[in-house]
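Enquirer: here is a sequence with its predicted model. Questions after.
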Amino acid sequence: MFEIMKKAALEAAKIQLKYYRSTELDISHKTDHQNIVTVADKESQDTIEHTIIHEMVKSGVLENNIGFIGEEDLDSKGSHVFVIDPIDGTSNFASGIDYFCTSIAYFNNGILDAGLIYRPVHQELYFAKKGEGAFIELYDTREVLKMKDLDSQNMIMSTNFGETMRNSDQLPLIERLMPLYRGVRAFGAVALDLAKVSNNEIGTSVDKGPYLWDISAGKIIIEEAGGCVFDWEGQDLDLDLNDRKKRYSLIACHPAKKKMVLNYVRT
């Protein structure tokens, strides 16, 4: 499964790098100027879908057993379901900022089984398979991902400021948590934030409002690296393949930090 998902992400990366910082990038608005989609999003998602279908069928899986859920209006059923965010961090991508990625998660008969996150500008690839651990590939090297219980005062906390922050309790929570960390950053790509949590670059990630495609791959990568991802009630995230519009609250961190963070959520 790794090779199939990796091939799909690398094919999408070719499209993204062609448009990155290009005057040919066509941008349109989904709802308002803060919620955009580009031609690169659409072409990347199509390429990922077609590559996965081709490779899965080649491996012996019937095409009608392959389903997809994607940010750009992609929704089909199957026993093998791939959840795709072709470009997580579209606003960054469209602004020429290199903090964006492709996120692909694989569900086998409804169970989250594998996840891949790829940051094309830096050739940075994160992958996990259920029960088999997680790793990062960077250029020609591969390292096992293992989360560490580090002092939060020496770590960054990440969050993302989207439309769900309006009239929500996200900002007050961030303000309560801020003194525990070295600083707070809103990098603008939830999936890549979660990948950075798995690699001990971000200590805790706190968000409210992301979708299934934003968080599925990051969830299994963090868990296979020894971390935890849970909702604001402290429960494991119930990823619902039947509700692609569901929005999630989530916290990702080392298990040793879970109780501390939840104490501030419940304050």
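Expert: Looks like it arrived, so ask away.

Enquirer: contacts and neighbour counts: CA atoms only from here.
Expert: OK.

Enquirer: what's the end-to-end length of stretch 194-202?
Expert: End-to-end span of stretch 194-202 (C-alpha to C-alpha, to the nearest Å): 8 Å.

Enquirer: ignore what I typed, I meant stretch 236-254.
Expert: Terminal residues of stretch 236-254 lie 14 Å apart, using C-alpha to C-alpha.

Enquirer: make sure Lys219 is indeed in a helix.
Expert: Yes: looking at Lys219 with DSSP: H, G, I helix; E, B strand; the rest coil, it is inside a helix.

Enquirer: just give the nearest non-adjacent residue to it, would you?
Expert: Setting aside the residues directly before and after it, Lys219 is nearest to Val229 in space (C-alpha to C-alpha, 6 or more residues apart in numbering), at 6.2 Å.

Enquirer: shouldn't that neighbour be within a helix?
Expert: No: judged by three-state DSSP, Val229 forms no part of a helix; its state is strand.

Enquirer: and the helix ranked longest in the chain, what's buried?
Expert: Of all the segments of type helix in the chain, defined by DSSP state H, the longest one is helix 39-58. Within helix 39-58, the residues that count as buried by 16 or more other C-alpha atoms under 10 Å are 40-41, 44-49, 51-53, 55-56.

Enquirer: and if you look at stretch 248-267?
Expert: For stretch 248-267, a neighbour-count test (16+ other C-alpha under 10 Å) marks 248-255, 257-258, 261-262, 265 as buried.

Enquirer: distance between the ends of that stretch?
Expert: End-to-end distance for stretch 248-267, by C-alpha to C-alpha: 20 Å.

Enquirer: hang on, the earlier thing: strands - which of the buried residues of stretch 248-267 land there?
Expert: Using DSSP state E, the subset of the buried residues of stretch 248-267 located in strands is 249-253.

Enquirer: can I get the residues you listed in CSV including distance to Glu71 and pLDDT?
Expert: Converted to CSV, these look like this (distance: C-alpha to C-alpha, whole Å; pLDDT from 0 to 100):
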residue, distance to Glu71, pLDDT
Ser249, 18, 92
Leu250, 19, 95
Ile251, 21, 96
Ala252, 22, 97
Cys253, 25, 96
